[in-house]
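A.B. asks: Here is my input, please return the structure:
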Amino acid sequence: MDGPVLVGVDGSTTSMAAVECAAWEADRTGVELRLVYACDWPAAPVAPGVPPWDPGGARTHRPAHAGLAEARRRARAVAPGVRVSHAVLMGDPAAVLESESRGASLTVIGSRNAPRSGHGRRGSVAARLAAHGGSPVLMVRGGPDPNGPVVLSCNNGQVAVRAAEFAFAEASARTADVVVLDGLGARDGRPRTGSPDPLAALRQRYPDVVVRRPRFRGSGRRAVVEASGAAQLVVIGTSRRGGRRTALPDAVGRAALRQAECPVAVIPEHRDTR
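C.D. replies: Have a look, this model is predicted:
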């Protein structure tokens with residue numbers, strides 16, 4: 001898909017980290033970077049005679065444009081040649097990003113790194129975009145290891161094709177290995193089950209990417225969270241059941257969004273064409 005990489009901007013430190021990541025992704029894939037600053041409708045009462053919708057834009061647009069200017073500066077520092085567009089849109093930020101994502105190739109958001117046991121708002125936004133948005137979602141969180149692998153989490157041993165493609169492309173661009181968490185273990189990165197390797201075509205397309213399939217004990221949730229501590233990126237695929245895409249394939253994905261110590265990409269396996 002040749003749509004832009006979309007990123008939500010709110011002026012915070014975490015959103016600026018998301019902008020830098022989004023600029024790198026846009027430069028890697030050769031598409032435009034789109035910065036969106038979503039302004040929620042004011043909930044507080046206004047003084048008599050003052051229009052609540054702020055037609056002049058002074059109260060709303062001043063911080064928005066300042067945030068966008070800083071975002072553009074950050075993006076140019078990471079990817080000087082990337083094309084950048086921007087917009088200030090009114091509405092709930094999650095709803096705005098959901099709508100805008102339908103024309104994007106990737107949607108990037110920041111995370112405020114809620115406690116491991118918490119259910120942070122940004123994790124909920126990422127889950128909403130994964131379930132109802134129109135593009136893959138990348139949530140920037142934690143402190144990624146620049147020398148670590150890209151972790152591909154499988155659903156009950158099943159490899160999601162588009163998630164695997166995304167993981168291999170990222171690993172090749174980052175000069176990183178791919179660690180496949182499918183609970184099967186392997187020698188030389190190949191399954192021991194005797195069945196055809198679902199990653200064979202990607203191995204040929206990306207001969208520079210080394211694949212590792214470590215054995216792990218305990219739950220998949222624990223494995224993906226532990227692996228994220230020494231990783232650059234965790235990649236998870238979504239699926240559809242009963243004609244509808246689930247927010248995440250299982251509890252492993254939810255754990256990754258809430259507890260991972262590095263960015264998490266959620267890749268839909270199928271998309272509606274209606």
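A.B. asks: show me where pLDDT drops low in the stretch 51-200 of the chain?
C.D. replies: Residue ranges of the stretch 51-200 of the chain with pLDDT under 70: 51-61, 112-123, 156-157, 183-195.
A.B. asks: can you give me the helices for it?
C.D. replies: 58-78, 93-100, 121-132, 161-174, 200-205 (DSSP state H, counting those that start in this stretch).
A.B. asks: For the second one, enumerate the helices and strands it packs against.
C.D. replies: Other elements packing on helix 93-100 under the criterion 3 or more CB pairs under 8 Å, 6 or more residues apart in numbering; DSSP states H and E are strand 5-8, strand 33-39, strand 106-110, helix 121-132. All C-beta spots, glycine's among them, are computed from the backbone N, C-alpha and C.
A.B. asks: Reformat those into CSV and put mean neighbour count and distance to V19 next to each item.
C.D. replies: Putting the helices and strands packed on helix 93-100 into CSV (neighbours: other CB atoms under 10 Å; distance: least, CB to CB, whole Å) gives the following:
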stretch, mean neighbour count, distance to V19
strand 5-8, 28, 5
strand 33-39, 23, 7
strand 106-110, 27, 8
helix 121-132, 21, 15
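A.B. asks: Could you say which one of these comes nearest to V211?
C.D. replies: Smallest distance to V211 across the helices and strands packed on helix 93-100 (CB to CB): 23.2 Å, for strand 106-110.
A.B. asks: Make a markdown table out of the helices and strands packed on helix 93-100 and add distance to R162.
C.D. replies: Shown next, in a markdown table, are these (distance: least, CB to CB, whole Å):
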| stretch | distance to R162 |
| --- | --- |
| strand 5-8 | 17 |
| strand 33-39 | 22 |
| strand 106-110 | 12 |
| helix 121-132 | 13 |
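A.B. asks: Go through the ones you listed and name the closest to Q232.
C.D. replies: Per CB to CB, nearest to Q232 of the helices and strands packed on helix 93-100: strand 106-110, 14.9 Å.
A.B. asks: which neighbours does the closest one have in its sheet, and in what orientation?
C.D. replies: strand 5-8 (parallel), strand 137-140 (parallel) (DSSP bridges).
A.B. asks: ok, residues contacting that strand?
C.D. replies: For strand 106-110, contacts defined as CB atoms under 8 Å, 6 or more residues apart in numbering pick out 5-8, 12, 14-19, 21-22, 25, 29, 97, 100-101, 122, 125-126, 129, 133, 135-141.
A.B. asks: which residues of the stretch 101-250 of the chain fall in strands?
C.D. replies: Counting by DSSP state E, counting those that start in this stretch, the stretch 101-250 of the chain has these strands, from start to end: 106-110, 137-140, 150-153, 178-181, 186-187, 190-191, 211-212, 233-238, 240-241, 244-245.
A.B. asks: Save these as JSON lines, and put in distance to V36 too.
C.D. replies: Putting the strands of the stretch 101-250 of the chain into JSON lines (distance: least, CB to CB, whole Å) gives the following:
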{"stretch": "strand 106-110", "distance to V36": "9"}
{"stretch": "strand 137-140", "distance to V36": "14"}
{"stretch": "strand 150-153", "distance to V36": "27"}
{"stretch": "strand 178-181", "distance to V36": "31"}
{"stretch": "strand 186-187", "distance to V36": "42"}
{"stretch": "strand 190-191", "distance to V36": "42"}
{"stretch": "strand 211-212", "distance to V36": "36"}
{"stretch": "strand 233-238", "distance to V36": "22"}
{"stretch": "strand 240-241", "distance to V36": "27"}
{"stretch": "strand 244-245", "distance to V36": "22"}
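A.B. asks: closest to E70 out of the ones you listed?
C.D. replies: Using CB to CB, those put strand 106-110 closest to E70, at 13.6 Å.
A.B. asks: Off-centre distance for that closest one?
C.D. replies: Strand 106-110 sits 5 Å away from the centroid of its parent chain (CA atoms, centre = their mean, to the nearest Å).
A.B. asks: okay, that strand in CSV with CA atoms only?
C.D. replies: What follows is strand 106-110, C-alpha atoms only, in CSV (Å, rounded to 0.1, in the frame of the first residue of the first chain):
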residue,chain,number,x,y,z
LEU,A,106,0.8,2.4,8.9
THR,A,107,-0.5,4.3,12.0
VAL,A,108,2.0,5.2,14.7
ILE,A,109,1.1,6.3,18.2
GLY,A,110,3.0,6.9,21.4
